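**Q** Build me a model from this:
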Amino acid sequence: MKSLMSLWNRMADDLAILCCTSATSDKITVRRRSEHEGLSFLTITLPDLGKSTQKWIDQGQVGINSSFSNGRGSLPLFLGGFFNRVFDRESGVLLDDPCIDSIYAIRQLTLAFGKMELPCTPRRVHKAMRSYIECESDVRQSDAELKDVDFLEFQRISDLLFSEVFTQMDRDVYYGYLLPRHGPGNTAERLSSNGKFRQRVWTRRLDRVFPIDRFLIPNHHYIDELNEVDIREPGSELPVRVISVPKTMKTPRIIAIEPTCMQYTQQALLRSFLVAHSRDELLRGLIGFDDQEPNQLLARQGSADGRVATLDLSEASDRVSNQLVRLMVSRWPHLSEALDATRSRRADVPGFGVIRLSKYASMGSALCFPIEAMVFTTLIFLGIQNSLNTTLSKKDINSYLGLVRVYGDDLIVPVEHVLTIVQTLEHFGARVGLDKSFWTGKFRESCGKEYFNGHDVSIVKVRQALPSTIADVTGVISTVALRNQLWMPSVVDWLDNLLRKILKYYPMVGPASPVLGRVTLVPVGELEHPDLHSPIVQGYVIQAKAPVDKLEDSGALLKCLLKLESNLKGNVSRYTDVIPSYWPGTMSKRQYSDFVGYYPPASSSWAPPVSQDDKHLERSGRPKRVGIKLGWWPAQ
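**A** This is a model prediction of the structure:
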C-alpha cells in the first residue's frame, strides 16, 4: 500500500508540472483517505471518479460523484487544478478548448490502479455468482418477450451477413473437414495438457457429428480402445465448471471451464469459421478477431469527426441467447447440429448448484467470442434498419464499411443510428454499459485505447503490486513493463531505484531484447557475441517451463498427427496450419491444397510437414510458475 501511494504521489507531481498546476492538496487527500479506506480507495473509489469524468467529458457537463465533494463550485475539489483546465468552475460546462494534457492527467491519476489483478472478498465473489444466475433469468425473460416479427427480421439480417460463411461451415461439417484441437487451458475434469489426449468420455450428441472412431483414436488399428469410452446421454453430460478469476478488487471475472470433449470439438468449428471468415471481404471489414487496431483507429476518427459511437456491452457473452444462435443457423442443418452438439447445456455454479443454461455459452467456450460477435453484428444492422425504417439489402450493408466494426463486445456504430441500435440491442437481451459507451461529445474508447478530439489520451495501468524481493517474479516482470511504458521522469527514476534494489543486473536494452531492463532506442551492449558479432548484456530473462506431463501409446500418436504443421509458403491462414489425424496417407496434394487454399509448385514433393517440437510428449501445458534466469543475452 505504501509503495503504491508513493507511486501515485510521483505521478501527481510529474503531471502537475506538465499541466502547470499543483497537486499538493491532492496528495494529502490521497494519503488521508488511503489510511482510512485502505487499498480500495486506489482500486475502486478513484476509478469510479475516473469513469464519471469520462462521461462528463462526453456529455460536456460535470455531474455528481458521491465520493468526492464539489465544495461551493461545480467541480470536485480533489484534482481541482486539473479539472479547472477542462471544465468551467462556475458552470461545470466543458471548456471550448479543454487542456488535453489535463484530461490525460485526470484519467491517469484516477484509473491507474483500477485493473490491478487482486482477489476480491468472498462477499463480492458470491455477488458475482448471483449475478450469473440472475443473468440466466434475464435471458429467459428476454426470449419470452420477443415476437415473431423480431425473429424473422433477425434471421433475415443474419442471412445477409453470414450465409456464405455458414454454407462453407455446413459443408465442412457434412464432409468431415473438421480439425479438432486441444487448447492449453483447464477442463472441467481437470485433466493435464497431455492427459486430454487420453480422454475417454464422449457424448451421444457429439458422436452424431464427431464420430469417436475419427476423433478419439489415431486410426482404426486402435479401434479396440473405443470399448473404454463412456458415451454419455444428454441427461448425464458433465456440466461446465463456473469459477471466478481475478479481474479487479471490485468484481471478479466469471468464466466457465468446458469439459474436455466440448473444448476439443469447439476448436474444430472455430477453425472452420475463421477460415470462412478470412475469405469473406465484407465480414473481414465488419468483424475482427485478432487485430484490435481497426477498432482503435475508428474510435480515434470518431472522436475527431463525431461520425461513429463506441459502445461497450456488460456481461456480453452471458446475455447471448441460445435461441437466437439456433435461429441464426437454422437453415444449415449440419452446422446447426454441430453447434448444438458442442454446446454445454448445464453449469455447475458454486453456491447455487447445477443449473440449465439459456445463454449460448459463457466466456471459456472456444466459440463464445465469434458467436457473440455475429449476434451483435446482426443486431447492429437490425437497429440501423429500424432507424431508417426501410429494408436493408446486401448493398446497403456494404455501404457501412468503415462505420460499423465489432470486436467481441467492443462495438463501433454510426452516431446517427446509435439510439435505435442501443434500443435494439437491449430489446434482444444485451445490456449496453452506458458509463463506457460514448457518442455525445468528443471522447471515444475502444479495445483499450481512449481518444479525445483525435488525441490519444490512453493511460498506463498498474497490473500487479510492486515487488520488494526478487522472489516476487510476477511483480518484478510487471513493474519492469510498467516502467518501460511510462514517460514521467520522476516516476521512471523512482521505479528504476526500486528495481535496482531487487535486480543485481538491470541494464539498458533495446526494444526487442528479452532482458528485463530499461528500454532505450539508443544502441546499447556491454560486449559482443563471439559468433554472432551482435551486442549482448548481462541481465535476467523470463524463464517458464511447461510442467512434466508424459504421453505415450495411442495418445502420443494422436497428438503427433494433430500437430502436423504446414511448412508450405503462401497465403495460408494461421488457422489452417494442421490437418485432421485421419487424413495423412489418404489425402492427395491437390486435396490438401484445396483445403488450405494454397497450391505449391508442381515440382514440389508431397509430404505433410512434421512438428519440430520434440519435447511436447514429455512436457506440456501452461507453466505452473514463472522464473527469471541470469545470463548474457542479446542487447537489441
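**Q** Tell me how far T474 lies from S66.
**A** Counting by C-beta to C-beta, to the nearest Å, the separation of T474 from S66 is 35 Å. (C-beta placed from N, C-alpha, C; glycine too.)
**Q** neighbour count winner among the two?
**A** Ranked by neighbour count (other C-beta atoms under 10 Å), T474 and S66 place T474 first, with 14 against 7.
**Q** I believe that one is in a helix; please confirm or correct that.
**A** Yes - applying DSSP: H, G, I helix; E, B strand; the rest coil, one finds T474 inside a helix.
**Q** tell me the pLDDT at it?
**A** On pLDDT, T474 comes in at 91.
**Q** what sits against it?
**A** Counting by C-beta atoms under 8 Å, 6 or more residues apart in numbering, T474 makes contact with 464, 626.
**Q** same question, the one 10 residues further on
**A** Under the criterion of C-beta under 8 Å, 6+ apart, the neighbours of N484 are 518-519.
**Q** So it lies in a helix, does it not?
**A** Yes - under three-state DSSP, N484 falls within a helix.
**Q** Could you report the separation of it from V519?
**A** 4 Å.
**Q** go on, T390?
**A** T390 is 54 Å from V519, by C-beta to C-beta.
**Q** Equivalent analysis for L18, please.
**A** 21 Å.
**Q** burial of E552, as a residue count?
**A** Per other C-beta under 10 Å, the neighbour tally for E552 reads 10.
**Q** Please verify my assumption that it contacts L617.
**A** Yes - in this structure, E552 is within contact of L617 by C-beta atoms under 8 Å, at 7.5 Å.
**Q** max-length helix in this protein?
**A** helix 148-175 (DSSP state H).
**Q** Counting by contacts, list what that one packs against.
**A** With contacts taken as 3 or more C-beta pairs under 8 Å, 6 or more residues apart in numbering; DSSP states H and E, helix 148-175 sits against helix 260-278, helix 281-286, helix 322-328, helix 333-341, helix 368-388, helix 394-398.
**Q** Can you name every helix or strand that the longest one contacts?
**A** I take that to be helix 368-388. helix 148-175, helix 260-278, helix 322-328, strand 405-407, strand 410-414, helix 418-427.
**Q** mind running it again at 10 Å?
**A** If you count contacts as 3 or more C-beta pairs under 10 Å, 6 or more residues apart in numbering; DSSP states H and E, helix 368-388 packs onto helix 148-175, helix 260-278, helix 281-286, helix 322-328, helix 394-398, strand 405-407, strand 410-414, helix 418-427.
**Q** Check the last one too.
**A** If contacts are counted by 3+ C-beta pairs under 10 Å, 6+ apart, helix 394-398 sits against helix 148-175, helix 281-286, helix 368-388.
**Q** could you give the mean pLDDT of the helix or strand containing R205?
**A** According to DSSP states H and E, R205 maps onto helix 204-209. The pLDDT scores in helix 204-209 average 94.
**Q** could you pull out the strands for the stretch 101-250 of the chain?
**A** For the stretch 101-250 of the chain, applying DSSP state E, counting those that start in this stretch gives strands covering 201-203, 230-232, 240-245.
**Q** Now for E552 and L617: what residues contact both?
**A** Counting by C-beta atoms under 10 Å, 6 or more residues apart in numbering, the shared contacts of E552 and L617 are N194.
**Q** ok, and the closest non-adjacent residue to G408?
**A** Nearest residue to G408, sequence neighbours excluded (C-beta to C-beta, 6 or more residues apart in numbering): F369, at 5.7 Å.
**Q** Touching, E153 and H427? I think so.
**A** No - E153 is not in contact with H427 according to C-beta atoms under 10 Å; the separation is 11.2 Å.
**Q** quick one: common contacting residues for those two?
**A** In contact with both E153 and H427: 382, 386, using C-beta under 10 Å, 6+ apart.
**Q** before we move on, back to that, can the strands of the stretch 101-250 of the chain go into JSON lines with extra columns for distance to V325 and mean neighbour count?
**A** As requested, the strands of the stretch 101-250 of the chain are arranged in JSON lines below (distance: least, C-beta to C-beta, whole Å; neighbours: other C-beta atoms under 10 Å):
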{"stretch": "strand 201-203", "distance to V325": "19", "mean neighbour count": "21"}
{"stretch": "strand 230-232", "distance to V325": "23", "mean neighbour count": "14"}
{"stretch": "strand 240-245", "distance to V325": "16", "mean neighbour count": "20"}
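**Q** do you know which of the ones you listed lies nearest I106?
**A** strand 240-245 (29.8 Å; C-beta to C-beta).
**Q** Let's test this: mean pLDDT of that closest one, rounded?
**A** Throughout strand 240-245, pLDDT has a mean value of 93.
**Q** packing partners for the helix or strand following that strand?
**A** Counting by DSSP H and E, the next helix or strand C-terminal to strand 240-245 is strand 253-257. Contact here means 3+ C-beta pairs under 10 Å, 6+ apart; on that basis strand 253-257 packs against helix 122-145, strand 240-245, strand 346-349.
**Q** residues of the first one that come out buried?
**A** Within helix 122-145, the residues scored as buried using 16 or more other C-beta atoms under 10 Å are 124-125, 128-129, 132, 135-136, 138-140, 142-143.
**Q** same question, the last one
**A** Of the residues in strand 346-349, those with enough neighbours to count as buried (16+ other C-beta under 10 Å) are 347-349.
**Q** who touches both of N484 and V519?
**A** 509, 511.
**Q** Check what pLDDT T420 gets.
**A** Here, the pLDDT recorded for T420 equals 97.
**Q** For burial, what's the neighbour tally of P211?
**A** 13.
**Q** chain center to the helix holding R205, what's the gap?
**A** Averaging C-alpha positions (C-alpha atoms, centre = their mean, to the nearest Å) puts helix 204-209 30 Å from its chain's average.
**Q** Other residues contacting it?
**A** 173-174, 176, 178, 212-213, 215-216, 229, 231-234, 236-237, 261-262, 264-265, 268-269, 334-335, 337-343, 345.
**Q** hang on, the earlier thing: now do the residue nearest to G408 against L425, distance only.
**A** F369 is 17 Å from L425, by C-beta to C-beta.
**Q** In the protein, what helix or strand scores lowest on average pLDDT?
**A** In the chain, no helix or strand scores lower on mean pLDDT, DSSP states H and E than helix 589-596, which sits at a mean of 38.
**Q** C-terminal to it, what's the next element?
**A** That would be, after helix 589-596 and using DSSP H and E, strand 627-634.
**Q** Any buried residues in stretch 310-321, and which?
**A** 310-321.
**Q** so how far does it reach from one end to the other?
**A** Stretch 310-321 has its terminal residues 23 Å apart, counting by C-alpha to C-alpha, to the nearest Å.
**Q** tell me how far it is from the chain's mean position?
**A** Mean-position distance between stretch 310-321 and its chain equals 13 Å (C-alpha atoms, centre = their mean).
**Q** can you check stretch 136-146 too?
**A** 26 Å.
**Q** Do me a favour and average the pLDDT over it.
**A** Here the average pLDDT along stretch 136-146 is 94.
**Q** go on, stretch 175-189?
**A** Per-region confidence: stretch 175-189 scores 88 on mean pLDDT.
**Q** list the contacts for A512?
**A** 519, 634-636.
**Q** one more time with 6 Å
**A** For A512, the contacting residues are Q636, by C-beta atoms under 6 Å, 6 or more residues apart in numbering.
**Q** Helix, strand or coil: sort out it for me.
**A** Under three-state DSSP, A512 comes out as coil.
**Q** going forward can the numbers begin at 138, since that is how I track them
**A** Taking 138 as the first residue, the last one we looked at is A649.
**Q** Any idea how many residues pack against E301?
**A** E301 has 15 neighbours, counted by other C-beta under 10 Å.
**Q** quick one, what contacts it?
**A** Neighbouring residues of E301 by C-beta under 6 Å, 6+ apart: D417.
**Q** ok, how many other residues are close to D668?
**A** D668, neighbours per other C-beta under 10 Å, totals 6.
**Q** so what pLDDT did it get?
**A** pLDDT, D668: 75.
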